[in-house]
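Chemist: structure here, sequence nowhere to be found:
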Ligand SMILES: O=C(NCCNC(=O)c1cc(-c2ccc(F)cc2)cc(O)c1O)c1cc(O)ncn1
Ligand SMILES: [Mg+2]
């Protein structure tokens, strides 16, 4: 039976990356996506912007919406301080199964909790299920039409505090127009656009960094 693209991406990690070395996992995925098969990871160019925001925030509690194969999960978790935790939500069970193995290959299982299911179902349960108070950083990279409803849900559930940072992928391509309009016009956010390119291409895309003002 035919393998899937996520399975082939995992194979490239297991073949070319060193167990326990997150940077070699990131490098192996970028090489695979640039030279073999495109895949919807945040990629190396936007990944550098992601790294700089993670380092600046130095978060103790991170939420990632949309794990896919775990590329950005590994990038973020490899930069976290010792007792920091990353919770990553993935709806698609096939993606989740691959991501678990990529995260394990990088040796980051201790820092990452991968939760399978719909963000809209899990966000209201974060506090009781995972003992989360608020998130210092949220990386939005799941279904583009869920960015806005899930942001409003996080506000309503008290998961954001004064200074919480939302970093959103793909605000240009595929695009999240309603989300952009909201964070750029709401008095409760200060927003900043980081112009870049769609992963592994010359197409314009970018990350929007929005600080919740409480
Ligand atoms: O979250 C789920 N998919 C990934 C969301 N992410 C994207 O869709 C995404 C897409 C693109 C993209 C850009 C240009 C293009 F031509 C094609 C795709 C890039 C990105 O950087 C993304 O992040 C999902 C799936 C599923 O079947 N079930 C539950 N959840
Ligand atoms: Mg993306």
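Modeler: It's in. What you see is a predicted model; the values in this text were computed from it and never measured. Ligands and ions are numbered 1, 2, ... in the order given.
Chemist: now the strands for the protein?
Modeler: Along the chain, counting by DSSP state E, strands occupy 61-65, 85-90, 112-116, 135-140, 160-168, 189-197, 204-212.
Chemist: is the last one in proximity to ligand 2?
Modeler: No: using Cβ under 5 Å from the ion, strand 204-212 stays clear of ligand 2, with a minimum separation of 8.3 Å. Using the backbone N, CA and C atoms, a C-beta is placed for each residue, glycine as well.
Chemist: quick one: contacts of that strand?
Modeler: 46, 49-50, 53, 155, 160-173, 179-180, 183-184, 188-199 (Cβ atoms under 8 Å, 6 or more residues apart in numbering).
Chemist: out of the residues you listed, which touch ligand 1?
Modeler: Among those, the ones lying near ligand 1 by Cβ under 6 Å from any ligand atom are 169, 170, 173, 198, 199.
Chemist: need those in CSV (columns: neighbour count).
Modeler: Formatted as CSV, these follow (neighbours: other Cβ atoms under 10 Å):
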residue, neighbour count
169, 31
170, 24
173, 16
198, 20
199, 24
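Chemist: now tabulate those in TSV and tack on pLDDT.
Modeler: Below are these laid out as TSV (pLDDT from 0 to 100):
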residue	pLDDT
169	99
170	99
173	98
198	98
199	98
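Chemist: show me what contacts the nearest residue to residue 44 once chain neighbours are set aside?
Modeler: Spatial nearest neighbour of residue 44, chain neighbours left out: residue 30 (4.8 Å); criterion: Cβ to Cβ, 6 or more residues apart in numbering. By Cβ under 8 Å, 6+ apart, the contact list for residue 30 reads 41, 43, 44, 47, 200.
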